[in-house]
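**Q** Build me a model from this:
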Amino acid sequence: AVVSTQSTGTIFKMKFVVILGACLLLGALDQASALDWMNGPIRDIYYLGVQDNRMVIAYRGMGSVYIKNHRHLREYHDSNWMGKNRKYGNYECHYAEFPLISFPQNIQVVGNTLPHSGWRGYVRKPAVETWASVSIASNGFPTSQKLWSNKSWY
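**A** Okay, here's the model as predicted:
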């Protein structure tokens, strides 16, 4: 059967909204002040799936994320945070978009905190960064995720 790209896009958006909604319902991306999402060390890393031929990862904190054992993959920087917020709909996260890899796959997404000072004081790079271990199905969506979060900033 032939599936149109419009219905495929609609199916993706529905799955994407369900995954992001589950994160919000579980409180993973909640319980923060309006500006907390962009301050502090990298934390709350979640692989959301594939959209527009890109792997999408949501996270909080100041810095970036990378995919361990796939360090050659560089994050796309062709849109700013405002465009990504409009595209993905949650205004309390940063979004990283990476080139696709072959699926199924197990990956580890690791934070890379940028030391900075802010209204909560000075934030230094943690000795051990937050990371998420993700099992990805052949369709590009996560089947399981395990998050290890450095709670030293909380």
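**Q** In this structure Tyr59 contacts Asp44, no?
**A** Yes. With contact defined as C-beta atoms under 8 Å, Tyr59 reaches Asp44; the gap is 6.0 Å. Placement of C-beta: from N, CA and C, glycine included.
**Q** which residues in the protein form strands?
**A** 43-51, 54-60, 63-68, 94-99, 105-113, 116-118, 121-123, 131-136, 142-148 (DSSP state E).
**Q** mind checking which of those strands is nearest Ser79?
**A** Checking these against Ser79 by C-beta to C-beta gives strand 94-99 as the closest, at 8.0 Å.
**Q** List the buried residues of that closest one.
**A** Across strand 94-99, burial judged by 16 or more other C-beta atoms under 10 Å covers His94, Tyr95, Ala96, Glu97, Phe98.
**Q** just curious, which of those residues is nearest to Val123?
**A** When the buried residues of strand 94-99 are compared against Val123 (criterion: C-beta to C-beta), the nearest one is His94, at 15.1 Å.
**Q** From Val56, how far off is the closest one?
**A** In this view, His94 and Val56 are 11 Å apart by C-beta to C-beta, to the nearest Å.
**Q** among the helices and strands of this structure, which one scores worst on average pLDDT?
**A** Least confident helix or strand, the chain: helix 5-25 with a mean of 58, by mean pLDDT, DSSP states H and E.
**Q** where's the residue nearest to Lys84 when sequence neighbours are not counted relative to Tyr76, distance?
**A** Excluding the flanking residues, the one nearest Lys84 by C-beta to C-beta, 6 or more residues apart in numbering is Tyr95, at 4.2 Å. For Tyr95, the distance to Tyr76 equals 10 Å [C-beta to C-beta].
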